[in-house]
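A.B. asks: I would like the atomic coordinates for the input below:
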Amino acid sequence: MMVLGAGLLWGTVGPAEILAHSAASPVAVGGARILSGGLVLAAIMLVRDPGAFRALPRAAWPALLAAAGATAVFQGTFLTSAARTGAAVATAVTFGIAPVSTGVGERIMLGTRLSRRWMAGTVCAIAGCALISAPHGGGPTGGQGRADIYGIACGVVAGGCFGVYTVSAKRLIDSNVNMLAAVPVTLLLGGAALAPWTLSDLPELAGGRSLGLVTWLGPVTVALAYWLYVAGLRHLSAATAATLSLAEPLVATALGIEILHERLSLPIAAGTLLLLGGLILVSVRSPDGGSRSWKLVRRIPWVSRIVRA
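C.D. replies: Alright, predicted model coming up:
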């Protein structure tokens, strides 16, 4: 529920950026977002345990730097993708790629064995991403019948960065690093990397719309959402957590339709359903555990066929 809660909050990022019509560049907004969120978490940590930052072990810094770099690149690429392709498409592409990049990274870096249900859910995510990214007419890409290739490429890069962040965070958790101290460090370092863009657009960020946007994006979709995600990650594999984050494109799609009046074509609607299918497959417990939720889901004909295969 914590990871799903983080996904719900992250799903508001793309629509909020588009709705705000900020004069600042997406990279500047992303930098301001993680800087403000990191400062909120750092302030809370300083009040609770002032010595926590000094206690971070030296061995944790490679993973911290990897997470910080991934966070910085993610901000610029994801918000650029949302600005060019629309909130629904950008979020679906990014988080269709995220489970794949996370699963592969976890297998290589942590040696975790990937389950068949995770693989089935990932196949659904890939298929959904392909449908959403395909050329179409009348959708968020502007109704030209052509997908914005640069915007989609930015979404793919953002999905890869999400995987790097998740695997790095999981490695820190497995090493018993204090994540309440580690997370703000990664956010502040990532924000520092984007500081040249943020500072150059400071007058635009000080505007009413931009200021309101950053006020929502920083404390809520960074400080609160990242805390929920990392807390939930303690009890899940990195691959499962990344696939559960597919709740984000569902929220972004719903907000895109209802608030931004984005029109979704049939392929995008089908892709969204496939993403939902992947979310269901990885959110239930192993069939060997005999959980009620899994037994209910297995009654769905297409789920049963996938499990038997």
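
A.B. asks: measure Leu56 to Ala239 for me?
C.D. replies: Per C-beta to C-beta, to the nearest Å, Leu56 is found 26 Å from Ala239. Just so you know, the C-beta spots here come from the backbone N, C-alpha and C atoms, and that holds for glycine as well.

A.B. asks: who's more crowded, the two?
C.D. replies: Taking other C-beta atoms under 10 Å, Leu56 and Ala239 do not tie; Ala239 has more neighbours (32 against 16).

A.B. asks: show me what contacts the more buried one?
C.D. replies: Pro99, Thr102, Gly103, Glu106, Thr112, Leu114, Trp118, Val282 (C-beta atoms under 8 Å, 6 or more residues apart in numbering).

A.B. asks: for ChimeraX, write a command that selects the buried ones of those.
C.D. replies: A single ChimeraX command selects the buried members of the contacts of Ala239 (16 or more other C-beta atoms under 10 Å):
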select :99,102,103,106,112,118,282
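
A.B. asks: mind checking which of the contacts of Ala239 are in helices?
C.D. replies: Pro99, Thr102, Gly103, Glu106, Trp118, Val282 (DSSP state H).

A.B. asks: contacting residues around the third one?
C.D. replies: So the one you mean is Gly103. Contacts of Gly103 (C-beta under 8 Å, 6+ apart): Leu114, Trp118, Thr122, Gly163, Ala238, Ala239, Ala242.

A.B. asks: 6 Å instead, please
C.D. replies: Taking C-beta atoms under 6 Å, 6 or more residues apart in numbering, we find Gly103 in contact with Leu114, Ala239.

A.B. asks: check the second one too.
C.D. replies: Contact analysis of Thr102 by C-beta under 6 Å, 6+ apart lists Gly163, Thr166, Ala238, Ala239, Ala242.

A.B. asks: poorly predicted segments of the stretch 101-250 of the chain, please.
C.D. replies: Applying pLDDT under 70 to the stretch 101-250 of the chain flags residues 125, 129-130, 132-147, 243, 246, 249-250.

A.B. asks: just the helices in it please.
C.D. replies: Taking DSSP state H, counting those that start in this stretch as the criterion, the stretch 101-250 of the chain carries its helices at 116-133, 149-174, 179-193, 195-200, 202-205, 208-217, 225-233, 238-244, 247-258.

A.B. asks: tell me which of those lies nearest to Gly31.
C.D. replies: Ranking the helices of the stretch 101-250 of the chain by proximity to Gly31 (C-beta to C-beta) places helix 195-200 first, at 3.6 Å.

A.B. asks: any buried residues in that closest one, and which?
C.D. replies: Trp197, Thr198.

A.B. asks: counting contacts, what elements does that helix pack onto?
C.D. replies: In terms of contacts (3 or more C-beta pairs under 6 Å, 6 or more residues apart in numbering; DSSP states H and E), helix 195-200 is packed against helix 26-48.

A.B. asks: before we move on, the earlier item: now that we have the contacts of Thr102, which one has the most neighbours?
C.D. replies: Ala242 (34 neighbours).
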